[in-house]
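Novice: Predicted model and sequence below, questions to follow.
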Amino acid sequence: MRWNSVAIRRHSGSLTVICGSMFSGKTEELIRLVRRSMHARKKVQVFKSSLDTRCDTTVIRTHDDTRFNAIAISSAAEMEALLDIGVQVVGIEEVQFLDEAVVDLCMRLADSGVDVFAAGLDQDFRATPFSFMPRLMALADNVMKLHAICKVCGEEASRTQRLVNGKPASWDEPTILIGADESYEARCRKCHIVRNAPTSVPTRRKKRQTPYPANDKVEPASKPRAPAPAMPSDAVETDADLQLTMFADA
């Protein structure tokens, strides 16, 4: 770990995850946080997944064409090998396209005093969790969930709609398909459509399970006492019988 140094350890690091649908401003927010760190005269490095071919591989770019220099990588191991000694802030664009080892790398960087800003999709086009993103978000110190505007109704959008020839994509299509507004739209929950999506089955309430095996008989905590046996009527001694007995003895 050539990036590890005593100087870094003096600062308490952190991990911030910037997530949301496409067109929600994730890259814009990442660039803002990185530039803010540069104003504080911190040593900064920015990385991006090499799968993102929407623009030059040496920059990250927002949808309104704001650009920032970045290093293209294909794996967490490659990113770690390129980290500079004494780096204080690390930005990662399209983190969901990297391998899951990037989660552990982000944690080690933060534990060593580096501020890590990781931006990526939290859901795929099916509106299901994107790969390891839930784990990364759970381990983060801060999670920024950004929203776009639904292209259909204008409401707040949290999902990414994939389009194939202008129509909603099918459930069984590949998870990763690099594209921009020609292939994707921001949609709200109501307007988001996935063709051939599996029908959700309502979960049945399970019967309450006892901690005892089915064959074992469970004795009650306290057994009720059995009623005393009834005495025969001729065995009951009345007050009159008692007085006659006392008179006979006298």
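Specialist: Happy to help now that I have it. Predicted model, so just to flag it, every value in this text is computed and none were measured.

Novice: for the residue positioned nearest the centre of the chain, helix, strand, or coil?
Specialist: Per Cα atoms, centre = their mean, the C-alpha nearest to the average position across the chain is that of Pro134, at 2.8 Å. Secondary structure assignment for Pro134 (DSSP: H, G, I helix; E, B strand; the rest coil): helix.

Novice: Apart from its neighbours in sequence, what residue is nearest it?
Specialist: Of all residues not flanking Pro134 in the chain, Asp122 sits nearest, at 7.7 Å (Cβ to Cβ, 6 or more residues apart in numbering). To be clear about C-beta, it is placed using only N, CA and C from the backbone, and glycine gets the same treatment.

Novice: Pretty sure Leu146 is one of the things that neighbour touches, is it not?
Specialist: No - the pair Asp122 / Leu146 is not scored as a contact, 9.7 Å apart, by Cβ atoms under 8 Å.

Novice: hey, what's in contact with both of those two?
Specialist: By the contact definition Cβ atoms under 8 Å, 6 or more residues apart in numbering, Asp122 and Leu146 are jointly contacted by 19-20.

Novice: Now for the closest residue to Pro198 other than its chain neighbours, how many residues are close by?
Specialist: Of all residues beyond its chain neighbours, the one nearest Pro198 is Trp171 (6.8 Å), with distances taken as Cβ to Cβ, 6+ apart. Neighbourhood size, Trp171 [other Cβ atoms under 10 Å]: 13.

Novice: go on, Leu33?
Specialist: Number of residues near Leu33 (other Cβ under 10 Å) recorded here: 18.

Novice: Same question for the one 4 residues further on.
Specialist: Number of residues near Ser37 (other Cβ under 10 Å) recorded here: 18.

Novice: ok, so what distance separates Ile92 from Ala169?
Specialist: With the distance defined as Cβ to Cβ, to the nearest Å, Ile92 ends up 26 Å from Ala169.

Novice: more crowded one of those two?
Specialist: More neighbours surround Ile92 than the other of Ile92 and Ala169, with 29 against 21 (other Cβ under 10 Å).

Novice: so which strand or helix has that one?
Specialist: Per DSSP states H and E: Ile92 is located in strand 89-93.

Novice: Just the residues contacting that strand, thanks.
Specialist: 27, 30, 33-34, 37, 42-49, 52, 60, 70, 79, 83, 98, 102, 106, 109, 114-120.

Novice: Which of those residues are buried? Put it as a PyMOL command.
Specialist: Selection of buried members from the contacts of strand 89-93 for PyMOL, criterion 16 or more other Cβ atoms under 10 Å:
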select buried, resi 27+30+33+34+37+43+44+45+46+47+48+49+52+60+70+79+83+98+102+106+109+114+115+116+117+118+119+120
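
Novice: Let's see which of the contacts of strand 89-93 end up in strands.
Specialist: Counting by DSSP state E, the part of the contacts of strand 89-93 found in strands is 44-49, 60, 115-120.

Novice: With neighbour numbers in mind, choose between Asp122 and Leu146.
Specialist: Asp122 (23 against 17).

Novice: From Ala72, how far out is that one?
Specialist: Asp122 is 22 Å from Ala72, where distance means Cβ to Cβ.

Novice: what does Gln45 give?
Specialist: From Gln45 to Ala72 the distance is 13 Å (Cβ to Cβ).

Novice: what's whichever helix in the chain runs longest packed up against?
Specialist: Longest helix in the chain, counting residues (DSSP state H): helix 26-39. Using 3 or more Cβ pairs under 8 Å, 6 or more residues apart in numbering; DSSP states H and E as the contact test, the elements touching helix 26-39 are strand 14-20, strand 44-49, strand 59-61, strand 67-69, strand 89-93, strand 115-121, strand 142-146.
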